[in-house]
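here's a sequence, model it:
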Amino acid sequence: MSASLCVVCLFLCCSCAEAHIWAWMLNMPHSAPKEEAKALRESVPVDKPATAVCEHDRTCGRGFSCDRHFGLCVPLRGEGHYCRRDAQCVRGLSCMFGKCHRSIPNGQEGARCKVDRDCGASMCCARHHGEQVCKRRLVRGESCYVPDGGLAFSINQICPCDEGLLCRETSAPLQREKDFIYQPERTSWTCQVPRP
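This next block holds a predicted model:
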């Protein structure tokens, strides 16, 4: 019985969750990562710049960067291509959210930052998909609710309300539905002018 037929039979006998686990396990490398990278380096001819062994970008030469995971020189990537760091993208592009994007000038919305002062007026430095970027502060009426913690808080953050506004709890009035059932009162957090 061939290996692929065995795998098919195994999936038919397993639940969906078990099938995903087995699929993941069967796709794992059979050797330690260092041994696999070494085997990849030895099997690829070194005379071409695209496959030269490297530890740093300067080893690769113009138009290439060092893929530090595999230790091989690879061509620079264009807009929309996957990347792990800025040096893997062509000039004028930066690696943001795992893809090469056009670089945004410092201080503008969407530009990288470390602290609020790196951003322009009415902006703050907050996380977006885990990367710190300049975002605009919230204006009157915008939702300003921030979770107490957890993954949602640490991956995507929002700026506080703009100057002169406070984040306050508001409650929506009771709403009447078509079939005469009332919805319970809902509360939300929005940026509001402080009460006197």
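
just the helices from this protein, written as ranges.
Shown for the chain, the helices assigned by DSSP state H span residues 3-13, 16-26, 33-43, 151-155.

and the second one, average pLDDT?
In this case it means helix 16-26. The average pLDDT for helix 16-26 rounds to 47.

what about residue 139, how many neighbours?
11 (other C-beta atoms under 10 Å). In short, each C-beta sits where N, CA and C put it, glycine included.

lowest average pLDDT across the helices of the chain?
Of all the helices of the chain, the minimum mean pLDDT falls on helix 33-43 (a mean of 41).

by average pLDDT, which secondary structure element in the chain comes out worst?
For the chain, counting by mean pLDDT, DSSP states H and E, helix 33-43 ranks last in confidence among helices and strands (a mean of 41).

any stretches of this protein with poor pLDDT?
Applying pLDDT under 70 to the chain picks out residues 1-51, 171-187.

just give me the neighbour total for residue 95.
Per other C-beta under 10 Å, the neighbour tally for residue 95 reads 19.

to clarify, my last question referred to residue 80.
Counted with other C-beta under 10 Å, the neighbours of residue 80 add up to 9.

could you do residue 64 as well?
Neighbourhood size, residue 64 [other C-beta under 10 Å]: 19.
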